[in-house]
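Visitor: Build me a structure from this.
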Amino acid sequence: MDSPSRRRLLFVITKSNWGGAQRYVYDLATALPKDEFEVQVAFGQPGRLAEELKHAGIRTYPITALQRDVSIIADLKSFFELWRLFRTERPDIVHLNSSKAAGLGALAARIARVPRIIFTAHGWPFEEKRNPVSRICIYLLSWVTALLSHTVIVVSDYDLRIGQKMLGVGHKMVRIYNGIAVHAPLASGEKIRAAFPPGVRITGTIGELTRNKNQIALVEQAKDDPSLYVAIVGEGEERARLEAKIKEYGLEGRVKLFGFLTAPEVLKGFDVFALPSLKEGLPYVLLEAKAAGIPIVANRVGGVGEILDAKDMSEFSLEHMIEQTTTLYR
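Guide: Have a look, this model is predicted:
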């Protein structure tokens, strides 16, 4: 039987695939003190996060209409699903993640009179390269989400500076770095090495295959540099485009797509870790590459520079992230 003294904490996230925001939710949901918090997670689209949470014994709620793309009908359905969930479950804290879930969830939570609403911005979405009208609309939606929330967590000093300039909500911003198990063991990386000729220098990258992650830049670089061998780890909407370009340029022997694999499985297979992203919050994979001591080439976007310049990884430890966030919940 649940202890009446435990606080009910409900995480909300749009997609249940496995990216940085999903890992963040999983780490918090499974590591928080069980004698203090009763944890639940609501998500839109099924995926690995939902499976992992189920294995960990965390109660989950699918929000069937919740999706990343804009759809007035689906968004209205999602809003009412979230509102009903908040009214039924009566959480003490709602912790919102990803832009769509956060915007709908913050409004639904306010109307449902949830006592505490926390929003984590995993990199401000209006920082993405879009047309000016879209960026203004997304900025306003982010501002409204922050306005409706009681606290906004940002994952880098870069995002903190942006958030503090937002009218009337800057005082709500709290910077808490993403955290990893700094001394986690790594596998041999043999799966990567075995796919390339012996002795070649392998440049590797890990991440969801999206335009923001910009893996296409590595394909273009390989086209112009015959000595470059590239391992691209991840799945996503850009896979077909990447495959087409690799075939068009005749790079099948030097640029390979490995699908979804975790960083500990593959990092030792890389001689250089590359992060060509156009937009980032505070990428977990870069933290892991830095902790593993692998040479890094990266675009200094979002919090990337803070990782590259860090002399001490303790501030990016999982324990530190859990401790700071738990204090915020209390």
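Visitor: now Val182: how far from Glu319?
Guide: Separation of Val182 from Glu319 (CB to CB, to the nearest Å) stands at 9 Å. Every residue, glycine included, has its C-beta placed from N, CA and C.
Visitor: Which one's more surrounded, the two?
Guide: Relative neighbour count places Val182 above the other of Val182 and Glu319, with 17 against 12, counting by other CB atoms under 10 Å.
Visitor: Neighbouring strands - and their directions - for whichever strand or helix holds Phe273?
Guide: Phe273 is located in strand 272-275, with elements delineated by DSSP states H and E. Paired neighbours of strand 272-275 in the sheet (DSSP bridges): strand 202-206 (parallel), strand 296-298 (parallel).
Visitor: Please give me every residue in contact with the residue nearest to Asn97 when sequence neighbours are not counted.
Guide: Nearest residue to Asn97, sequence neighbours excluded (CB to CB, 6 or more residues apart in numbering): Ile13, at 4.4 Å. With contact set as CB atoms under 8 Å, 6 or more residues apart in numbering, Ile13 has these partners: 21-22, 25, 41-44, 49, 96-98, 101.
Visitor: how about those residues, which pair is most distant?
Guide: Within the contacts of Ile13, two members stand farthest from each other by CB to CB: Leu49 and Leu96, at 15.1 Å.
Visitor: Compare those two (neighbour count), which wins?
Guide: Leu96 (31 against 26).
Visitor: Ala102 touches Ala108, doesn't it?
Guide: No. Between Ala102 and Ala108 there is no contact under CB atoms under 8 Å: 10.7 Å.
Visitor: between these two, which one's more packed in?
Guide: Applying other CB under 10 Å to Ala102 and Ala108 shows that Ala102 carries more neighbours, namely 32 against 25.
Visitor: Okay, and the residue nearest to that one when sequence neighbours are not counted sits in which element?
Guide: Spatial nearest neighbour of Ala102, excluding adjacent residues (CB to CB, 6+ apart): Leu96 at 4.0 Å. Per DSSP H and E, Leu96 falls inside strand 93-97.
Visitor: Packing partners of the next helix or strand after that strand?
Guide: Reading on from strand 93-97 to the C-terminus, the next helix or strand found by DSSP H and E is helix 99-111. For helix 99-111, the contact count by 3 or more CB pairs under 8 Å, 6 or more residues apart in numbering; DSSP states H and E identifies strand 7-15, strand 37-45, helix 72-89, strand 93-97, strand 116-121, helix 132-148 as packing neighbours.
Visitor: Give me the buried positions along helix 99-111.
Guide: 99-110 (16 or more other CB atoms under 10 Å).
Visitor: roughly how far apart are Phe126 and Asp69?
Guide: For Phe126, the distance to Asp69 - CB to CB - is 17 Å.
Visitor: actually Leu148, not the one I typed
Guide: For Leu148 relative to Asp69 (CB to CB), the value is 22 Å.
Visitor: Tell me which of Phe126 and Asp69 has more neighbours.
Guide: Between Phe126 and Asp69, Phe126 has the larger neighbour count (other CB under 10 Å), namely 19 against 7.
Visitor: Check the gap between the more buried one and Arg135 for me.
Guide: Distance, Phe126 to Arg135, using CB to CB: 5 Å.
Visitor: got it, and Pro33?
Guide: 40 Å.
Visitor: Give me the domain ranges for the chain.
Guide: The chain breaks down into these domains under automatic domain parsing: 7-175, 190-313.
Visitor: For this protein, give me the ranges with low pLDDT.
Guide: Applying pLDDT under 70 to the chain flags the ranges 1-4.
Visitor: Swap in 80 and give it another go.
Guide: Counting by pLDDT under 80, the chain contains low-confidence ranges at 1-4, 68-71.
Visitor: hmm, back to that, and the contacts of the strand holding Phe273?
Guide: By CB under 8 Å, 6+ apart, the residues outside strand 272-275 that reach it are 201-207, 218, 230, 267, 283, 285-286, 289, 294-299, 304.
Visitor: hmm, 7 Å instead?
Guide: Strand 272-275 is contacted from outside by 203-205, 218, 283, 286, 289, 294-299, 304, using CB atoms under 7 Å, 6 or more residues apart in numbering.
Visitor: With neighbour count and distance to Asp225 as added columns, please give these in CSV.
Guide: Shown next, in CSV, are the contacts of strand 272-275 (neighbours: other CB atoms under 10 Å; distance: CB to CB, whole Å):
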residue, neighbour count, distance to Asp225
Thr203, 21, 10
Gly204, 26, 15
Thr205, 25, 15
Leu218, 21, 10
Pro283, 27, 24
Leu286, 25, 23
Ala289, 25, 21
Ile294, 16, 20
Pro295, 11, 17
Ile296, 17, 18
Val297, 13, 13
Ala298, 20, 18
Asn299, 16, 18
Val304, 21, 23
